[in-house]
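Asks: Dropping the sequence and predicted coords here.
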Amino acid sequence: MSGTSPRRRSAFALAEIILSVAVLVILAGFSLLMFISAKNNNAKAYDLYKAMAHAISVIETIKAAPYPKSLSAEDFEAPEAVFSFDGNSVILSMYFDETWGPIPSDSPRARVCYTVEAELSPGDAPGTTVTDTRQGSGAYNIRVRVVRLKPYTLGNHGQHEIVFIETVKCFNHYAAAEGATK
């Protein structure tokens, strides 16, 4: 006869099962966190790709204009863009949903997931002459900021800046004068 009773063997087997289940639950938790992290990293990479594409498109559209006052909302890829011109500065806001589809400015803000904000304002770049905003010539600062408004899965609450680009465009007074006479 063996020295262990059936009662001890069943208690030992129950302890083994409980320990095995606990280890599997811990490993499943880590696996779940790894899958969520991989999903978030994939979403962040895609967001960076789309944000850079929109930011570069906005910058190239602004740089293609002969002078600041020639810009309008129709020049930009999102027809729903909110465009304002205060005499010297141009401010552009575009809103996108979770799939980077453009959203009209008058739609409910609950659907907005991304914003692209651009500003064109007079400034001085090194090595250039002082900006003459009356003629629309000189150096202008271009700032484009792309922000995700909704947090990623299990992420921190609040906004997440995806990309910020700042550059300078020098407009000449010849293009401004030519555009004024058209």
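Replies: Right, received. Where do you want to start? Numbering: from 1, shown residues only.

Asks: wait, residue 82 sits on residue 94?
Replies: Yes: using CB atoms under 8 Å, residue 82 makes contact with residue 94 at a distance of 7.5 Å. Backbone N, C-alpha and C define where each C-beta goes, glycine included.

Asks: isn't residue 140 right next to residue 119, touching?
Replies: No: with contact defined as CB under 8 Å, residue 140 does not reach residue 119; the gap is 9.7 Å.

Asks: Could you point out the helix or strand that follows the helix or strand where residue 60 lies?
Replies: Using DSSP states H and E, residue 60 maps to helix 6-64. Past helix 6-64, heading to the C-terminal end, the next element that is a helix or strand (DSSP H and E) is strand 82-85.

Asks: could you give the mean pLDDT of that next one?
Replies: Per-residue confidence for strand 82-85 averages out to 84 on the pLDDT scale.

Asks: again, but for stretch 104-121
Replies: Predicted confidence along stretch 104-121 averages 84 (mean pLDDT).

Asks: how about it as PDB, C-alpha atoms only?
Replies: Coordinates of the C-alpha atoms in stretch 104-121 are reproduced here as PDB (Å, rounded to 0.1, in the frame of the first residue of the first chain):
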ATOM      1  CA  PRO A 104     -18.600  69.200 -42.300                       C
ATOM      2  CA  SER A 105     -18.000  71.900 -39.700                       C
ATOM      3  CA  ASP A 106     -21.700  72.100 -38.800                       C
ATOM      4  CA  SER A 107     -22.000  68.300 -37.900                       C
ATOM      5  CA  PRO A 108     -22.100  67.100 -34.300                       C
ATOM      6  CA  ARG A 109     -18.700  67.300 -32.600                       C
ATOM      7  CA  ALA A 110     -19.100  63.700 -31.200                       C
ATOM      8  CA  ARG A 111     -18.100  62.300 -34.600                       C
ATOM      9  CA  VAL A 112     -14.800  64.300 -34.800                       C
ATOM     10  CA  CYS A 113     -11.700  62.300 -34.100                       C
ATOM     11  CA  TYR A 114      -9.000  64.300 -35.900                       C
ATOM     12  CA  THR A 115      -8.400  68.000 -36.500                       C
ATOM     13  CA  VAL A 116      -6.000  69.600 -38.900                       C
ATOM     14  CA  GLU A 117      -5.300  73.300 -38.000                       C
ATOM     15  CA  ALA A 118      -3.200  75.500 -40.200                       C
ATOM     16  CA  GLU A 119      -2.100  79.100 -39.700                       C
ATOM     17  CA  LEU A 120      -0.400  81.400 -42.200                       C
ATOM     18  CA  SER A 121       0.800  84.600 -40.400                       C
END
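
Asks: What are the contacting residues of it?
Replies: Contacts to stretch 104-121, defined as CB atoms under 8 Å, 6 or more residues apart in numbering, come from residues 47, 50-51, 54-55, 58-59, 62, 68, 71, 78, 80-82, 88-98, 100, 103, 140-150, 162, 169.
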